[in-house]
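Colleague: My questions are about this predicted structure, shown below with the sequence.
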Amino acid sequence: MNLPNALTISRLVAIPVLMALLLLRFPGHDQVAAALFIVFSLTDTLDGQLARRSGQVSDFGKFLDPLADKLFVLSVLIVLVQEGLVAAWVVVVIFSRELIITILRSVGAGQGRVIAAAPLGKTKTVMQMGAVTLLILQRPYPVLAPLAGIAVAVAVVFTLWSGLDYLWRFRYLISPFDTSRVRVPSGAAPEHSPAQEVGEVLRASGLTLSVAESITGGMIGSMITDQPGSSAYFVGGVIAYSNDVKRDQLGVPAELFETVGAVSAEVAVAMAKGVQARLGTSLAVAATGIAGPGGDATDKAVGLTYIAVVSGVHVFWRQFTFKGDRASVRRQTAIEAMRMLVLEARNYGQAKVRPA
């Protein structure tokens, strides 16, 4: 338990207090409820900032924070419906959106992925909390009723918009993301995954492969070794997550980190050349990038990735800016690395057998 998570839990603790204040009748009870609602709403911004600044971002916090927001807002809205201060359909719309996103998070959790709150989701929460505050205050101050109505309409729009945004961002959780996850109809020929195709090309051409991974943390090597018989062509790899390992184990020049940064085409190429030389393989692939959710202390965007492939006849690299959460960015990087390997393996294989 850390301070950011304690602030998140405080919103859950405040729920019964706020409900009681809205239902009881004593002078100023609505004003007190609105004041407490605002105070605890502010913890929603504060807990995230503290977690990022102090390096205390956790999977527990990523899961609990959006859940606390939902329960905090919905519980108060339900009481407001009972008190006749807001239409029931508003709560139905908000609840339906939250239920769908909760199901999406459950699917992600089943795949070992935690879906953190997206920027638009946070904006939605702010809009909802502003609308709820005005709904509470319209009872003691009827002049606020028109403004409360407008705020509710805006909150509903952002609720629907952010729901669609989540479904689009994390669509890969509920639909096939690559050919290795497609269910093949009975009797149909299975499609090859990128890793299978890499294996077939390397085995047919007698080439060997090594990998140098930063952003993917071993995912490329894992995909390769998932294929039966991969020991015939896959030698091994280096997971170079820190700059020190990139420099000491792969021979990446230290000045590159100062001039172009660890996330750059130059470093990706140097990593690929380094692991190829170290393990003595025909081909090598390297990947470096920013998986998120935070950046790398530069102005480079989350999702920016460089993949380099080297062989005896060619060196080439590509730049990508992947979308999605951390797991999605890493997976997309590994798959694109496979595709680049297939192209280079074919080119190299042809060059080896081409007459002089």
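Modeller: Structure's in. What do you need?

Colleague: pull the longest helix from the chain.
Modeller: What stands out as the longest helix in the chain, according to DSSP state H, is helix 326-353.

Colleague: Return the backbone torsion pair for R25.
Modeller: With angles defined as degrees, to the nearest 10, R25 sits at phi -130, psi 110.

Colleague: Identify each buried residue in the longest helix of the chain, please.
Modeller: Judged by neighbour count (16 or more other C-beta atoms under 10 Å), helix 326-353 contains these buried residues: 326-338, 340-342, 344-345, 348-349. For glycine as for every other residue, the C-beta is placed from the backbone atoms N, C-alpha and C.

Colleague: confidence score at W89?
Modeller: As summarised for this prediction, W89 has a pLDDT of 95.

Colleague: ok, how many other residues are close to it?
Modeller: The tally of other residues near W89 (other C-beta atoms under 10 Å) stands at 10.

Colleague: so after the helix or strand encompassing D30, what's the next helix or strand?
Modeller: Taking DSSP states H and E as the criterion, the element that holds D30 is helix 29-53. Elements were assigned by DSSP H and E; along the chain past helix 29-53, the next helix or strand is helix 59-82.

Colleague: who touches the very next helix or strand once past that next one?
Modeller: Where DSSP H and E defines the elements, the next helix or strand beyond helix 59-82 is helix 88-110. When contacts are taken as C-beta atoms under 8 Å, 6 or more residues apart in numbering, the neighbours of helix 88-110 outside the stretch itself are 63, 66-67, 70, 73-74, 77-78, 81, 114-115, 121, 128, 152, 155-156, 159-160, 162-163, 166-167, 170, 173-174.

Colleague: residues of the strand or helix carrying V157 that come out buried?
Modeller: Using DSSP H and E, the secondary-structure element containing V157 is helix 145-169. Counting neighbours by 16+ other C-beta under 10 Å, one finds that the buried residues in helix 145-169 are 148-149, 151-152, 155-156, 158-159, 161-163, 165-166, 169.

Colleague: got these as a markdown table, with distance to L36 and pLDDT columns?
Modeller: Supplementary listing: the buried residues of helix 145-169 in a markdown table, determined by distance: C-beta to C-beta, whole Å; pLDDT from 0 to 100:
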| residue | distance to L36 | pLDDT |
| --- | --- | --- |
| A148 | 18 | 94 |
| G149 | 23 | 94 |
| A151 | 19 | 95 |
| V152 | 20 | 95 |
| A155 | 20 | 93 |
| V156 | 24 | 95 |
| F158 | 23 | 93 |
| T159 | 23 | 92 |
| W161 | 28 | 92 |
| S162 | 25 | 90 |
| G163 | 28 | 89 |
| D165 | 30 | 85 |
| Y166 | 29 | 82 |
| R169 | 33 | 73 |
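
Colleague: ok, so of these, who is nearest L250?
Modeller: Ranking the buried residues of helix 145-169 by separation from L250, with C-beta to C-beta as the measure, puts R169 on top at 33.4 Å.

Colleague: re the thing from before, can you spell out which helices and strands pack onto the helix holding V157?
Modeller: helix 88-110, helix 119-137 (3 or more C-beta pairs under 8 Å, 6 or more residues apart in numbering; DSSP states H and E).
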